[in-house]
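Undergrad: only geometry, no sequence info:
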């Protein structure tokens, strides 16, 4: 049941109410707009609040500073300043309309206006084109509240015009549909597909932000199945996966459907609280398969080396999208080892821990558990005969927990000897050779050739 106007008024944070009140006391009009209004109507309002006003940004700054409110000029070219009250930011923007988008990314001009309805008319989707005022209530000229109740993403005005202005909106539509669990209105959907080629002209880092948002919704499987024309335009390396017959007894689906099932599977195993690196690894774990495919004399398909090829492709793709370097390293590590065998034995799980931690220092333990979730989802997305391996992985999880709880040795820093010991016992100078000796000792401890005992390790160094 949608909240009443009185309930919405109670939900609006006091710091936002103060910004609106100060501007209106100075003779200007002000409304709360955007995501807060949408989410509040859905019953899940947050702390981020945007305000739009008839006041020029210079006046907004003057009025707020006169009331001793901290103000920052964060986007004055577009009429935006940010007020900070009690450490909470409120973006305040002058009513504006935008000119043509010659480059499909930025408006050629921004013109400030005095009617909030003109400002709402420039917005992307009806659910984002509502304004709220604590006393005047909801202003909803495009039926956003009704679309919320119907679970629809609908463009404001002509969909082709909206997406033609900024092609990134095609991805934003998918992101909102994924985040809210909505469907996309038919004419808006038609325009999405027609305008998706415009994504070719959008900066890759902007595309990365939207894709990461889709990934963060936990509904990438839905996006792959229902909005592949848009998602694959943003990630062209996905295209060869569609319809790619793997011709192997281990698979009953093409690479794309298998991938969608793995994306859905990791959400199931993590209860929807899935680490972002695991989500990206699920999407890209087999992206190298089409380029690795070969066929033997019996007509059976093979994908030799596809984990490394997929990891290398993932590193390039995520780097182009300007995602965080630590995230990229963890995604690539998961992909690299997703097809590697692991058994419910101490030595096997220690080896996995060591290899993951070597590539992502300090992250070996959480990545090992994520790798098991990826392998489990991968197994269940294959042919029915592979499902038994998903059950076997339960025993691997138990073995991994046991090794972690007993303080297993899988990092150089876990060894009972140090670099100083290597220098002294081996008579070598500080340098790369010291690390090589330590890594050699670690490998022998992980493989159960040596115990992690100081005297035993010192004797091994002397030998």
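TA: Here it is on my side, so go on. Predicted model only: the values in this text are computed from it and were never measured.
Undergrad: and the lengthiest helix in the chain, what does it pack onto?
TA: Ranked by residue count, the top helix of the chain under DSSP state H comes out as helix 387-405. Of the remaining helices and strands, those touching helix 387-405 by 3 or more Cβ pairs under 8 Å, 6 or more residues apart in numbering; DSSP states H and E are helix 346-359, helix 364-380. No exception for glycine: its C-beta is placed from N, CA and C like everyone else's.
Undergrad: when you compare where the first one runs with where helix 387-405 runs, what's the angle?
TA: An angle of 80 degrees separates the directions of helix 346-359 and helix 387-405 when computed by axes from the mean of the first three to the mean of the last three Cα atoms, to 10 degrees.
Undergrad: I'd like the mean pLDDT over helix 346-359, please.
TA: Summarised as a single mean, pLDDT over helix 346-359 is 96.
Undergrad: Equivalent analysis for the longest one, please.
TA: The predicted model assigns helix 364-380 a mean pLDDT of 96.
Undergrad: give the contact list for residue 355.
TA: Residue 355 is in contact with residue 337, counting by Cβ atoms under 8 Å, 6 or more residues apart in numbering.
Undergrad: mind checking how far it is from residue 367?
TA: 10 Å (Cβ to Cβ, to the nearest Å).
Undergrad: coming back round to it: which stretch among the helices and strands packed on helix 387-405 comes nearest residue 140?
TA: helix 364-380 (41.3 Å; Cβ to Cβ).
Undergrad: Now do the closest one: which elements does it pack against?
TA: The criterion is 3+ Cβ pairs under 8 Å, 6+ apart, and the helices and strands that helix 364-380 contacts are helix 255-269, helix 276-284, helix 325-337, helix 346-359, helix 387-405.
Undergrad: Stretch 299-307: end-to-end distance?
TA: 22 Å (Cα to Cα, to the nearest Å).
Undergrad: residues of it that come out buried?
TA: By 16 or more other Cβ atoms under 10 Å, the buried positions in stretch 299-307 come out as 301, 303, 306, 307.
Undergrad: which of these lies closest to residue 200?
TA: Looking across these and measuring by Cβ to Cβ, the closest to residue 200 is residue 306, at 27.2 Å.
Undergrad: which residues does that closest one contact?
TA: Contacts of residue 306 (Cβ under 8 Å, 6+ apart): 286, 288, 289, 292, 339.
Undergrad: got it, and residue 313?
TA: Residue 313 is in contact with 237, 284, 287, 288, counting by Cβ under 8 Å, 6+ apart.
Undergrad: if I look at it, how far off is residue 78?
TA: 37 Å.
Undergrad: again, but for residue 235
TA: In terms of Cβ to Cβ, residue 235 sits 29 Å off from residue 78.
Undergrad: same thing with residue 155?
TA: Counting by Cβ to Cβ, the gap from residue 155 to residue 78 is 21 Å.
Undergrad: what's the answer for residue 136, then?
TA: For residue 136, the distance to residue 78 (Cβ to Cβ) stands at 25 Å.
Undergrad: re earlier: neighbour-wise, which one of the contacts of residue 306 leads?
TA: Sorting the contacts of residue 306 by how many neighbours each has (other Cβ atoms under 10 Å) puts residue 286 first, at 28 neighbours.
Undergrad: ok, back up a step: make TSV from the helices and strands packed on helix 387-405 and add distance to residue 402 to it.
TA: Listed next are the helices and strands packed on helix 387-405 as TSV, based on distance: least, Cβ to Cβ, whole Å:
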stretch	distance to residue 402
helix 346-359	7
helix 364-380	12
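Undergrad: Since that was my last question, I'll sign off now.
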